[in-house]
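# Model the structure of this input:
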Amino acid sequence: MPLPKAPTKPATLLQPTDDLIAKPNRNKKSSGRGLAPQEDIEPSVIAGPAERRPALPPPPQAPAPAQTAPFPIPPQTAAAPVTAVRRPAMLREPRRRTDPDVAKTFVLDTNVLMHDPSSLFRFEEHDIFLPMMTLEELDNHKKGVSEVARNVRQVTRSLDAMIEAIADASSSGLNIAEGIPLSVLGNKEATGRLYFQTQPLEIETSSVIEGLTVGKADNQILGVVRALQAKQKDRLVVLVSKDINIRIKAHALGLPAEDYFNDQVIDDADLLYSGAMQLPEGFWDSHGKRLESWQQGGYTFYRVTGPLCAAFHVNQFVYEDGASPLYALVQEVQGRTAVLRTLRDFTHAKNSVWGITARNREQNFALNLLMNPDVDFVTLLGQAGTGKTLLALASGLAQILETKIYNEIIVTRATVPLGDDIGFLPGTEEEKMQPWMGALEDNLEVLNRGVDGGGDWGRSAAADLIRTRIKIKSLNFMRGRTFINKFLIIDEAQNLTPKQMKALITRAGPGTKVVCMGNIAQIDSPYLTEGSSGLTYVVDRFKGWSHGGHVTLQRGERSRLADFATEAL
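Numbers count the residues shown, from 1 in each chain. Modelled structure (predicted):
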């Protein structure tokens, strides 16, 4: 077969009025002509597989010999532009799972109400449906002194108050089948209605939930969702549950199901406020035109103005590495103007805290917050071995026994076991908490080792003195207490709920400093995630407060073995 002639002029563009379906053309003039790629079409879209894709040479200036063609182009390749033109329609943004313009009815699983008793009022303009099985499970969990039992009782009291309010307001009697306005108790954001399962629904147990146990509570809730979906054609019925397994079952049955996201402070743990910001290159070129500086109280202050200052938070650390590094704290923010204050260098031995010096930049930031009496609330995040407990204890002892700002250290933590529960522990409150305070004992041993003078007798006396100033308390007996001039350390705070964090922090009286520490990557509580942890909650809510600060410790300093295990395992 002879080779076709080379093209003698540039290709023409496809016009909108042209036919999209290419017709076979065996004319010798058109068989060698290709379409020039348009600007809004990717070359990979136009080109076919590699084995069939010839390179498109630029338009030649003069007719070239026929032997320069790589191989004959079959007539069917003229249909390639069809894919190029239709492809942009396939790249449209995918539709969201639930259209915000569609009216929705949310069926709440029992665990949502157990987790957040105010979840009834978190769905804005949408309606809520409570199956009878949900009410039955609430009744089964109302007894006890646990957090779940308290939440259940709060939910039932809210439901009872809503029913009484609508009954008193209705002159013709209570008709609960028409729904109860969710705003009847003063929750203005909730404009939907609450519906109860007032009559048996036609739940197809055999065909709809084939293979599942009929009498199981989760399966009955799924049947209610399917029955509501068939009954309410004009609404989108969505199951809301914290249980992953029931959501998987719902998706397998073709039912919409979602997690309860209102308790999530952040969607991604990487977006959590770190407490420090590295200044970009050229910061002083764009922010130093109206620079002011002065010295006061042994610190140097800078007043800078620029667009980046609006993104600063009070008590946030800013730093700049290089030949002349800068480490500063944001003291004040007013629009596009910020005041920066230099830090005390705790990496130097002369500024050691109870014999402890900072080994990295983040530890230096943490000690500046811990040793600042004007900062009442400090949160420390970091992986195992970053020095959270050691820094908090050292700063607490220094401010109790040396500067005498506080009179006692109170240590508490969430008692969530890593493995199986070992049962009840004998003894007093402090003796019961002693097995949970292994990290405290280890760090006290390190701090006691740094006591100079007196030899073993001196270290023994210092250890006894330290223990008289440290009290170990349980979370179960914190309600109603007020701590005055105390240094309160809350360890393993990632296992606390936002409600428990609020109950603990509000115990602080005049002159009390609260330090919350934890690692959100090591949550042992089965009901919490990185986004719903109480530690994440307080980090986000206290961000920018003039008497609070946060630091995320990055580098482990425990040992090379621990550092490698953290990265490799």
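# CA only for contacts and neighbour counts going forward, please
OK.
# The stretch 451-569 of the chain: strands as residue ranges?
Using DSSP state E, counting those that start in this stretch, the strands of the stretch 451-569 of the chain run over residues 470-472, 486-491, 513-518, 548-553.
# Can you lay out those as TSV showing mean pLDDT?
What follows is the strands of the stretch 451-569 of the chain, written out as TSV (pLDDT from 0 to 100):
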stretch	mean pLDDT
strand 470-472	84
strand 486-491	93
strand 513-518	95
strand 548-553	95
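# if we compare those strands, which one ends up closest to V237?
Judged by C-alpha to C-alpha, the one of those that comes nearest to V237 is strand 513-518, at 39.0 Å.
# roughly how far is the closest one from the heart of the chain?
Average the C-alpha atoms of strand 513-518, do the same for its chain, and the two points are 19 Å apart (C-alpha atoms, centre = their mean, to the nearest Å).
# burial measure for the nearest residue to R344 once chain neighbours are set aside, as a count.
Distance criterion C-alpha to C-alpha, 6 or more residues apart in numbering; nearest residue to R344, sequence neighbours excluded, is N368 at 6.7 Å. Around N368 sit 19 other residues, with neighbours defined as other C-alpha atoms under 10 Å.
# coming back round to it: switch the strands of the stretch 451-569 of the chain over to a markdown table; also include distance to P131 and mean neighbour count.
Output for these, formatted as a markdown table (distance: least, C-alpha to C-alpha, whole Å; neighbours: other C-alpha atoms under 10 Å):
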| stretch | distance to P131 | mean neighbour count |
| --- | --- | --- |
| strand 470-472 | 45 | 17 |
| strand 486-491 | 40 | 25 |
| strand 513-518 | 38 | 25 |
| strand 548-553 | 43 | 25 |
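# wait, which of the ones you listed is closest to F261?
Closest to F261 of the strands of the stretch 451-569 of the chain is strand 513-518 (C-alpha to C-alpha; 22.6 Å).
# re the thing from before, mind checking which of the strands of the stretch 451-569 of the chain is nearest T347?
For T347, the closest of the strands of the stretch 451-569 of the chain is strand 548-553, at 15.0 Å, according to C-alpha to C-alpha.
# Taking strand 513-518 as reference, get the angle to that closest one.
Orientation check (axes from the mean of the first three to the mean of the last three C-alpha atoms, to 10 degrees): strand 548-553 against strand 513-518 gives 30 degrees.
# partners of strand 548-553 in the sheet?
The pairing partners recorded for strand 548-553 under DSSP bridges are strand 377-382 (parallel).
# Which residues does the partner strand contact?
Residues from elsewhere that reach strand 377-382 (C-alpha atoms under 8 Å, 6 or more residues apart in numbering): 366, 369-370, 388, 513-520, 539, 547-554.
# between it and strand 486-491, how many degrees?
Compare the direction of strand 377-382 with that of strand 486-491 by the same axes, to 10 degrees and you get 30 degrees.
# about what we covered before: I'd guessed the residue nearest to R344 sits against L343; true?
Yes - N368 lies in contact with L343 (C-alpha atoms under 8 Å); the separation is 7.0 Å.
# on that earlier part again, turn the strands of the stretch 451-569 of the chain into TSV, including distance to Y299.
Formatted as TSV, the entries for the strands of the stretch 451-569 of the chain read as follows, by distance: least, C-alpha to C-alpha, whole Å:
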stretch	distance to Y299
strand 470-472	33
strand 486-491	26
strand 513-518	23
strand 548-553	19
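# what's the closest of these to V314?
With respect to V314, and counting by C-alpha to C-alpha, the nearest of the strands of the stretch 451-569 of the chain is strand 548-553 at 8.2 Å.
# Tell me the gap between stretch 503-516 and the middle of its chain.
Distance of stretch 503-516 from its chain centroid, counting by C-alpha atoms, centre = their mean, is 24 Å.
# try stretch 492-505
Distance, stretch centre to chain centre, for stretch 492-505: 16 Å (C-alpha atoms, centre = their mean).
# tell me which residues in it are buried?
When burial is assessed from 16 or more other C-alpha atoms under 10 Å, stretch 492-505 yields the following buried residues: 492-498, 500-501, 503-505.
# again, but for stretch 277-297
Using 16+ other C-alpha under 10 Å as the burial criterion, the residues of stretch 277-297 that qualify are H287.
# Kindly report the same for stretch 236-252.
Using 16+ other C-alpha under 10 Å as the burial criterion, the residues of stretch 236-252 that qualify are 236-243, 246-247, 249-250.
# What about these, which are in helices?
Counted as lying in helices by DSSP state H, out of the buried residues of stretch 236-252, are 246-247, 249-250.
# what about the nearest residue to G387 once chain neighbours are set aside, distance to R507?
Leaving aside its chain neighbours, G387 sits nearest to E557 (6.8 Å; criterion: C-alpha to C-alpha, 6+ apart). In this structure, E557 and R507 are separated by 32 Å, where distance is defined by C-alpha to C-alpha, to the nearest Å.
# and the two? which has more neighbours close in?
It is R507, of E557 and R507, that has more neighbours when counted by other C-alpha under 10 Å, with 17 against 14.
# where are the low-confidence patches of the stretch 251-400 of the chain?
The model of the stretch 251-400 of the chain has pLDDT under 70 over residues 267-268.
# where exactly do the strands run in it?
With DSSP E, counting those that start in this stretch as the criterion, the stretch 251-400 of the chain has strands at 257-258, 276-278, 292-296, 299-305, 317-320, 326-334, 337-342, 377-382.
# how far does the shortest one sit from the chain's center?
By that I understand strand 257-258. Distance of strand 257-258 from the chain centroid (C-alpha atoms, centre = their mean) equals 19 Å.
# which other residues reach it?
Contacts of strand 257-258 with the rest of the structure, by C-alpha under 8 Å, 6+ apart, involve 238-241, 247, 250-251.
# could you redo the last one with a cut-off of 6 Å?
Applying C-alpha atoms under 6 Å, 6 or more residues apart in numbering, the set of residues contacting strand 257-258 from outside is 238-240, 247.
# Which of those fall in strands?
For the contacts of strand 257-258, membership in strands holds for 238-240, with DSSP state E as the criterion.
# Go through those residues and say which is closest to A269.
Nearest to A269 among these is V240, at 22.6 Å by C-alpha to C-alpha.
# Any chance of the ones in strands among the contacts of strand 257-258 in CSV with pLDDT as columns?
Listed next are these as CSV, based on pLDDT from 0 to 100:
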residue, pLDDT
V238, 94
L239, 95
V240, 94
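# what's the closest of these to K486?
For K486, the nearest member of the ones in strands among the contacts of strand 257-258 is V240. The distance, counting by C-alpha to C-alpha, is 42.7 Å.
# check contacts around the closest one.
Applying C-alpha under 6 Å, 6+ apart, we find V240 in contact with 108, 257-259.
# Put the buried members of the residues you listed into a ChimeraX selection.
Selecting the buried subset of those in ChimeraX, with 16+ other C-alpha under 10 Å as the burial test, is done by:
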select :108,257,258
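# if we can go back for a sec, among the buried residues of stretch 236-252, give me the pair with the biggest separation.
L236 and D243, at 20.5 Å, using C-alpha to C-alpha across those.
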